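[1] Pasting a predicted model and its sequence here:
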Amino acid sequence: FGDGVIVRPISKFISPQASMPPFNDSSVAVNSSAFSVWLPSGCWLSWNASGAPVCGPVRHSGVAHLGEIPLFVRPGTVLPMWPPGRRTVDKPPAMRTRLWTLFIGGGATNGTGVDHEDDGETLALASTKTTLRFAAGAKGVEVNISRPIGSYAGMSRSKTHAVQLRGFQLGGRAVSCCVG
């Protein structure tokens with residue numbers, strides 16, 4: 001995803017056994033880990049876009065709970081993803097819903113993302129490229145998804161797309177949405 005995403009891996013959590021005095025002199029909760037990450041120039045949203053953007057360059061500190069990975073995304077970034085839930089082999093990639101996650105942040109934001117898709121099974125070089133462009137402003141978000149360019153064996157003639165907004169505010173209030 002280029003320079004739009006920064007991940008801070010966590011290698012050690014405070015276990016319940018280590019939390020008993022006198023072994024844990026930290027204020028970090030059990031099954032959590034304090035972290036520090038360098039964020040370059042520009043503003044960054046946390047993965048779940050909770051809280052205000054963090055603007056760099058800055059060393060940002062926080063706490064990650066078990067099951068969380070500190071991940072920061074620039075406003076304007078578009079990530080093509082699989083929707084949450086079980087991945088089944090009975091549905092080929094061409095038939096699965098494509099989830100586009102848009103990180104919007106404060107103020108007007110524009111962004112572009114590209115999804116490359118192939119048959120998911122062979123080493124054939126045939127694939128499609130689909131582009132999503134968005135513009136967010138005071139009145140809302142406009143999203144345009146292109147038709148796929150290219151083709152591959154087993155390609156579906158239609159595709160279901162879902163759009164998830166992160167960090168979007170309308171009238172000063174946080175708005176989260178997912179449209180499918």
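    Arrived safely.

[2] List the pairing partners of whatever helix or strand Gln164 lives in within its sheet, with orientation.
    Using DSSP states H and E, Gln164 sits in strand 161-170. Looking at strand 161-170 with DSSP bridges, its partner strands are strand 98-103 (parallel), strand 173-179 (antiparallel).

[3] quick one, the longest strand belonging to the chain and strand 98-103 angle?
    Longest strand in the chain by number of residues (criterion: DSSP state E): strand 32-46. Here strand 32-46 points in a direction 90 degrees away from that of strand 98-103 (axes from the mean of the first three to the mean of the last three CA atoms, to 10 degrees).

[4] What helices and strands are in contact with strand 32-46?
    For strand 32-46, the elements it packs on are strand 5-7, strand 54-65, strand 71-73, judged by 3 or more CB pairs under 8 Å, 6 or more residues apart in numbering; DSSP states H and E. From N, CA and C alone the C-beta is placed, and that goes for glycine too.

[5] and His116, which of these is closest to it?
    Nearest to His116 among the helices and strands packed on strand 32-46 is strand 5-7 (16.7 Å), distances taken as CB to CB.

[6] what helices or strands is the closest one leaning on?
    For strand 5-7, the packing partners by 3+ CB pairs under 8 Å, 6+ apart come out as strand 32-46, strand 71-73.

[7] List the buried residues of that strand.
    By neighbour count on 16 or more other CB atoms under 10 Å, the buried set for strand 5-7 is Ile6.
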